[in-house]
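K.L.:
I need the structure of the sequence given here:
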Amino acid sequence: MNTDQIIQISYLTLMGGAIAASYFVSQRGQMGKVAQQASIWGLIFVGFIAAAGLWGDIRGSVAPQQSITAGGAITLPRQSDGHFYARLDVNGQPITFMVDTGASQVVLTQDDAQQAGIDTDALRYLGQASTANGVVRTAQVTLDQVTLSDVTLADVPAVVNEGQMDGSLLGMTYLRNFSNIQIKDDALILTR
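P.N.:
Below you'll find the model as predicted:
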């Protein structure tokens, strides 16, 4: 914190203290009512703090989801973190992927691979991938069926990452099945 911020916080604290003190002095005969009002305002304040802390989760559940336009293009809205996410059915199981045009392959986390019915204990991690966090080992898999909105593909090549990842990546081995990938008005548009 710099000096200006300390001075501003000190000023606001003194001003708030002066206002609170004058209110308590003017209401000294009704302290029960003051305590009741103070507790109500305290609960309102705690509610606002909780809502602010949970805003990312709330927004994620009410944010616009992927849609299909009249021409059959799939539209994915940009999310609050700046990324585009797609919800695909992989082997009949819903999995959320971050769209990553910089990833050459579809990359599954171990948890998502298990959810899709892949036995991760039986995988042989013979491949390697260079990531922002260094080199990780990968195992080649083939996804029997992958569906995004009304587009279903069979025998989609993918890898399972042995390392820790925040989520699965929808890379170019899947995205190359679209003739056009465009970003327009905070939306990623995939056209067949």
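K.L.:
So which residues of the protein form strands?
P.N.:
67-68, 74-77, 85-90, 93-99, 106-108, 127-131, 134-148, 151-161, 168-170, 180-184, 187-191 (DSSP state E).
K.L.:
quick one, which of those is nearest to Ser22?
P.N.:
strand 74-77 (49.2 Å; C-beta to C-beta). For glycine as for every other residue, the C-beta is placed from the backbone atoms N, C-alpha and C.
K.L.:
just checking, what packs against the closest one?
P.N.:
strand 67-68, strand 85-90, strand 187-191 (3 or more C-beta pairs under 8 Å, 6 or more residues apart in numbering; DSSP states H and E).
K.L.:
next one: the last one to chain centre, how far?
P.N.:
Strand 187-191 sits 18 Å away from the centroid of its parent chain (C-alpha atoms, centre = their mean, to the nearest Å).
K.L.:
Next, the angle strand 93-99 makes with it.
P.N.:
Interaxial angle, strand 187-191 versus strand 93-99 (axes from the mean of the first three to the mean of the last three C-alpha atoms, to 10 degrees): 110 degrees.
K.L.:
got the domain boundaries for this structure?
P.N.:
Split into domains by automatic domain parsing, the chain comes to 3-53, 65-191.
K.L.:
Would you mind measuring the gap between the ends of the shortest one?
P.N.:
It refers to domain 3-53. 28 Å (C-alpha to C-alpha, to the nearest Å).
K.L.:
would you list the strands of the chain in JSON lines and tack on distance to Ala35, mean neighbour count and mean pLDDT?
P.N.:
Shown next, in JSON lines, are the strands of the chain (distance: least, C-beta to C-beta, whole Å; neighbours: other C-beta atoms under 10 Å; pLDDT from 0 to 100):
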{"stretch": "strand 67-68", "distance to Ala35": "51", "mean neighbour count": "13", "mean pLDDT": "68"}
{"stretch": "strand 74-77", "distance to Ala35": "47", "mean neighbour count": "20", "mean pLDDT": "88"}
{"stretch": "strand 85-90", "distance to Ala35": "47", "mean neighbour count": "20", "mean pLDDT": "91"}
{"stretch": "strand 93-99", "distance to Ala35": "47", "mean neighbour count": "17", "mean pLDDT": "91"}
{"stretch": "strand 106-108", "distance to Ala35": "56", "mean neighbour count": "26", "mean pLDDT": "92"}
{"stretch": "strand 127-131", "distance to Ala35": "56", "mean neighbour count": "13", "mean pLDDT": "81"}
{"stretch": "strand 134-148", "distance to Ala35": "57", "mean neighbour count": "16", "mean pLDDT": "89"}
{"stretch": "strand 151-161", "distance to Ala35": "56", "mean neighbour count": "17", "mean pLDDT": "90"}
{"stretch": "strand 168-170", "distance to Ala35": "52", "mean neighbour count": "26", "mean pLDDT": "91"}
{"stretch": "strand 180-184", "distance to Ala35": "55", "mean neighbour count": "11", "mean pLDDT": "89"}
{"stretch": "strand 187-191", "distance to Ala35": "51", "mean neighbour count": "19", "mean pLDDT": "88"}
